[in-house]
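Novice: need the 3D shape of this:
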Amino acid sequence: MNEKKNASRDHNPAGITFSPNSLLMAFSRLPRRAQHFFLGDVDKGFEWLERAYQERDSGLLEIQMDCTLDGVRNDPPYLDLLKRLGLEETLKRN
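Specialist: Below is the predicted model of the structure:
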């Protein structure tokens, strides 16, 4: 039992517990593109990013702060999208 408790703290250092309903509510509030990246479906995530770009979704201006995209920051489709959004210069400054 103690090992299980410690293992969960590795992923949740604060030891905060969430009910399944609260996690589901939080997940459902994520934009669709973020949901796909969060679940590891990178191709589908990039499809939704492209759709958002085509629809001129203003939320894309904040993609550099979206932690669900941390795993794809060096992927060519992500870098290409930054360039098309005119945000590639921010990469050079960071």
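Novice: so where is this protein shaky, pLDDT-wise?
Specialist: 1-30, 89-94 (pLDDT under 70).
Novice: quick one: the helices in it, in order.
Specialist: In the chain, the segments counted as helices under DSSP state H are 2-11, 20-29, 32-38, 42-54, 76-85, 88-93.
Novice: what's the first-to-last distance across stretch 36-50?
Specialist: Using CA to CA, to the nearest Å, one end of stretch 36-50 lies 13 Å from the other.
Novice: what does it rub up against?
Specialist: Defining contact as CB atoms under 8 Å, 6 or more residues apart in numbering, one finds that stretch 36-50 is touched by 27, 30-34, 60, 63, 68-69, 71-72, 75, 77-78, 81. Where you see a C-beta, it was placed from the backbone N, CA and C, and this is true even at glycine.
Novice: apply 10 Å and report the result again.
Specialist: Outside stretch 36-50, the residues that touch it by CB atoms under 10 Å, 6 or more residues apart in numbering are 27, 30-35, 57, 60, 63, 66-72, 75-78, 80-81, 84.
Novice: okay, buried residues for it please.
Specialist: Neighbour counts over stretch 36-50 (16 or more other CB atoms under 10 Å) mark 36, 37, 42, 45, 46, 48, 49 as buried.
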